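>>> sharing a model that was predicted from the sequence below.
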Amino acid sequence: GRFSGLKDYAAERKLLGQVDGLLLDLGVSSPQLDEAGRGFSFRAPGPLDMRMDPASGQSAAEWLGTVDEKSLRRVLKQFGEERFAARIARAICAARRQRPISTTTELADLVADVVPKGRQKKHPATKTFQAIRIFINDELNELRAALEASIDLLGHGGRLCVISFHSLEDRAVKRFIRDASREPEQYRGLPDLPAEMRPPMKPVGRAIAPTDDEIAALHRRKTARYGQIVSSGGLSLRAGVAELIASARRAGLRVAVATTTNRPNVEALCKACWGVPMEEVFDVVAAGDEVAAKKPAPDVYLLALDR
């Protein structure tokens with residue numbers, strides 16, 4: 001489901017205020033990138049779709065067939081930070097007058113033809129694909145909704161960890177951390193704040209970039225940044241998703257993880273950090289509905305979500 005449905009998902013399962021750890025993985029998953037039919041990657045020919053939910057909303061090809069040049073330029077610049085947005089938008093609108101742009105390779109080749117050749121390490125269509133995908137899936141608004149929902153989900157001392165992959169996500173997460181850890185402006189500097197005006201969160205440590213070893217093990221994580229924030233009133237744990245889990249295990253707590261479509265990422269984390277399968281790290285590994293029914297009830301409940 002969508003990130004924006006996170007609060008309703010938790011409320012239906014009576015988990016509001018009960019979650020100890022919430023991990024948001026903002027990257028497109030490897031299965032999505034590797035399946036050409038999903039239309040996320042320009043490395044193999046496939047239909048130009050890009051929807052996280054292929055049964056919902058407008059595909060990238062449909063949108064490109066109708067969007068006006070000015071709006072397309074704005075999307076490429078705003079969501080892709082593409083310096084050649086105007087040139088690319090003009091070329092797309094000219095090309096579609098000849099025939100629809102319906103495949104990933106058609107779009108990638110078109111962009112590669114109009115972007116000046118330079119010493120680029122990335123494919124010239126990378127930012128264009130990113131921008132269109134973010135727009136089609138309303139990703140930044142979905143992220144903001146999940147961040148806001150985390151305040152209601154986490155119990156005292158609960159940890160929110162976010163893995164972001166580009167500057168737009170990174171800025172949104174940093175802005176949330178800043179706002180959620182500040183008291184309202186009119187109360188700043190007062191020695192005794194009313195309980196309802198105290199910040200619901202406090203930041204923990206700094207953002208963490210992947211190490212060389214992690215990049216070697218998971219090459220698609222090379223741009224990842226880990227940011228985290230803790231619900232007020234809890235213990236100050238060391239930075240990092242792995243440390244959150246390890247701290248709970250050291251305390252002898254029963255740890256459960258509810259995985260959705262990102263099970264491969266959780267498995268990779270366990271292999272990279274501990275060298276063992278995820279079943280040896282967690283006491284309970286199951287879908288969200290099943291975790292709540294496990295007996296005895298877990299002491300720490302980690303929700304691992306991606307888009």
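Thanks, I have it. It should be emphasised that the depicted structure is a prediction, and the values quoted were computed from it without experimental measurement.
>>> low-confidence regions, the chain specifically.
Scanning the chain for pLDDT under 70 picks out the ranges 119, 210, 214-244, 247-251, 259-262, 265, 269, 272-274, 287-295, 297-307.
>>> how about the helices in it?
Using DSSP state H, the helices of the chain run over 6-12, 30-34, 60-64, 69-80, 85-96, 104-114, 126-137, 139-153, 167-180, 212-217, 241-250, 263-274, 278-281, 288-291.
>>> just say which of the ones you listed is most tucked in.
Mean neighbours per residue, mean count of other CB atoms under 10 Å, is largest over these for helix 126-137, with a mean of 22. C-beta here means a position set from N, CA and C on the backbone, and glycine is covered the same way.
>>> hang on, the earlier thing: out of the helices of the chain, which is closest to residue 198?
Proximity to residue 198 (CB to CB) singles out helix 167-180 among these, at 11.3 Å.
>>> show me what the closest one is packed up against.
helix 139-153, strand 154-164, strand 201-203, strand 225-231 (3 or more CB pairs under 8 Å, 6 or more residues apart in numbering; DSSP states H and E).
>>> now it against helix 126-137, angle please.
Orientation of helix 167-180 against helix 126-137 (axes from the mean of the first three to the mean of the last three CA atoms, to 10 degrees) gives an angle of 50 degrees.
>>> quick one: contacts of helix 167-180?
26, 79, 81, 134, 139-140, 143-144, 147-148, 151, 162, 164, 199-201, 203, 207, 225, 227, 229 (CB atoms under 8 Å, 6 or more residues apart in numbering).
>>> among the helices of the chain, which comes closest to residue 256?
Closest among these, using CB to CB: helix 288-291, at 5.0 Å.
>>> so residue 88 sits against residue 80, correct?
No. Look at residue 88 against residue 80 with CB atoms under 8 Å: they stay out of range, at 9.1 Å.
>>> what do those two both touch?
residue 128.
>>> if we can go back for a sec, can the helices of the chain go into CSV with extra columns for distance to residue 48?
CSV is the format used below for the helices of the chain (distance: least, CB to CB, whole Å):
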stretch, distance to residue 48
helix 6-12, 29
helix 30-34, 14
helix 60-64, 4
helix 69-80, 14
helix 85-96, 11
helix 104-114, 6
helix 126-137, 9
helix 139-153, 17
helix 167-180, 22
helix 212-217, 29
helix 241-250, 34
helix 263-274, 25
helix 278-281, 35
helix 288-291, 32
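>>> to residue 187, which of those helices lies closest?
Short answer: helix 167-180, nearest of the helices of the chain by CB to CB, at 14.0 Å.
>>> distance check, residue 107 against residue 123.
Counting by CB to CB, to the nearest Å, the separation of residue 107 from residue 123 is 11 Å.
>>> do residue 151 as well
Taking CB to CB, one finds residue 151 at 38 Å from residue 123.
>>> residue 176 now?
31 Å.
>>> closest to residue 182 out of the helices and strands packed on helix 167-180?
Here strand 201-203 is closest among the helices and strands packed on helix 167-180 (CB to CB), at 9.4 Å.
>>> chain center to the closest one: distance?
How far strand 201-203 lies from its chain's middle: 19 Å, per CA atoms, centre = their mean, to the nearest Å.
>>> next one: stretch 170-180
14 Å.
>>> put the alpha carbons of it into PDB.
C-alpha atoms of stretch 170-180 as PDB (Å, rounded to 0.1, in the frame of the first residue of the first chain):
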ATOM      1  CA  ASP A 170      17.000  14.100   2.000                       C
ATOM      2  CA  ARG A 171      15.700  17.600   2.300                       C
ATOM      3  CA  ALA A 172      12.100  16.500   3.200                       C
ATOM      4  CA  VAL A 173      13.400  14.200   5.900                       C
ATOM      5  CA  LYS A 174      15.800  16.800   7.400                       C
ATOM      6  CA  ARG A 175      12.900  19.400   7.400                       C
ATOM      7  CA  PHE A 176      10.700  17.000   9.200                       C
ATOM      8  CA  ILE A 177      13.400  16.200  11.800                       C
ATOM      9  CA  ARG A 178      13.900  19.900  12.400                       C
ATOM     10  CA  ASP A 179      10.200  20.700  12.700                       C
ATOM     11  CA  ALA A 180       9.300  17.700  14.800                       C
END
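>>> understood, closing this out.
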